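Enquirer: Pasting the sequence and the predicted coordinates here, then a few questions.
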Amino acid sequence: MRRIRSVKRSVRFPVSSTLLRRLALASIIANVAIVVTGGAVRLTASGLGCPTWPRCTDDSYTTTAEMGVHGVIEFGNRLLTFAVGIIALAVVLAVLAHRPRRRGLLPLAVGVLFGIPAQAVIGGITVLTNLNPWVVGLHFLASMAVIAAAYALWRRIKEPDGPVTPTVPAPLRTLAWITTAVSASVLVVGTWVTGSGPHAGDHGAARNGLDPTAISQVHADGVFLLIGLSVALYFAFRAVGAARAARAAAVLIAVELGQGVIGFVQYFTHLPAVLVGAHMLGSCLVLLATLGVLFSTRERLPAVPPAPVEPLAEPVGAGA
């Protein structure tokens, strides 16, 4: 009896679509924030402030006074993971409480929730491997995957539950996917640039051995290609009258140009920590803007309710 009453209460007080969407947006912001704070850990040489994992020291799960400010910074970033996880859990519970139940929301919400501890485990491996630059790069890319899933959930909440239909011609959809792939490759190569540079996260951490000048040039070439593709998308979308997609492409171009300016300035000013941190934030914004373009090339139609089943006519003379 109690169980029936609890179910009725959950249905009587469902989570609104507005609240669900706000929680999903909070999840995006939280995951971007932890990327920035993780960058602060590396930029302040606090990557081994807690020299082991999952504990902070061999004898303590928390930082100690002897570990100083580096221990506080690293341990503080670890605590933020719990905050991000709580928000992700709240999103999952909100999806379950939402009425009517929405197809496709729960897998995305659960993906974000489980992506956070997975990302934390990779972060722990970076500590256990003394900040191996390749693992550090994987740690960043795992965060990008979680952000992408959180963004997809946020967009999906606003959409109806009908079939997906393109809003632009097929060749432009293909070009949008190519642009997305190039954007992802720029992020990957960016981690290689970071792994060859001076901000290792600890003064004794190894570098990946790549030539910083050469790999930075490869990264810059990828950025130029990405901007060129984005400009092409903008004019192509305008040519076919896809106003929403054109606006999304314009936002992407603006974000890319801002990120490019930060990247060039930080390179020629020998990578000051503040600009490197801003560049990490810009990487998250480039990812989100790229996904915005991709989502703008399609839309979901309202779900068509099933046709009512009419009762079979009674045969003539059946009652005789």
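Expert: Structure's in. What do you need?
Enquirer: Could you list the low-pLDDT ranges of this structure?
Expert: 1-13, 304-320 (pLDDT under 70).
Enquirer: That one: helices as residue ranges?
Expert: Here the chain has its helices, by DSSP state H, at 2-12, 17-43, 68-97, 105-128, 133-158, 170-196, 212-239, 243-268, 273-296.
Enquirer: Quick one: closest of those to residue 205.
Expert: helix 133-158 (7.5 Å; Cβ to Cβ). For every residue, glycine as well, the C-beta is placed using N, CA and C.
Enquirer: Show me what counts as buried in that closest one.
Expert: 133, 135-157 (16 or more other Cβ atoms under 10 Å).
Enquirer: Then stretch 211-228?
Expert: 212, 215, 216, 219, 220, 222, 223, 225, 226, 227.
Enquirer: So residue 201 sits against residue 38, correct?
Expert: No. Residue 201 is not in contact with residue 38 according to Cβ atoms under 8 Å; the separation is 9.6 Å.
Enquirer: Determine the number of other residues adjacent to residue 263.
Expert: 22 (other Cβ atoms under 10 Å).
Enquirer: oh sorry, the question was meant for residue 170
Expert: 9.
Enquirer: ok, now residue 22?
Expert: 15.
Enquirer: next one: residue 188
Expert: Count around residue 188 with other Cβ under 10 Å applied: 15.
Enquirer: Now it: closest residue in space that isn't a chain neighbour?
Expert: residue 141 (6.7 Å; Cβ to Cβ, 6 or more residues apart in numbering).
Enquirer: where's that neighbour relative to residue 134, distance?
Expert: Using Cβ to Cβ, to the nearest Å, one gets 11 Å for the distance from residue 141 to residue 134.
Enquirer: Could you check how far the residue nearest to residue 188 is from residue 297?
Expert: Distance, residue 141 to residue 297, by Cβ to Cβ: 24 Å.
Enquirer: ok, and what's touching stretch 276-284?
Expert: Applying Cβ atoms under 8 Å, 6 or more residues apart in numbering, the contact partners of stretch 276-284 are 32, 35-36, 39-40, 43, 140, 144, 147, 187, 190, 199, 255, 258-259, 262-263, 266.
Enquirer: and if we set it to 6 Å?
Expert: 32, 35, 36, 39, 43, 187, 259, 262, 263, 266 (Cβ atoms under 6 Å, 6 or more residues apart in numbering).
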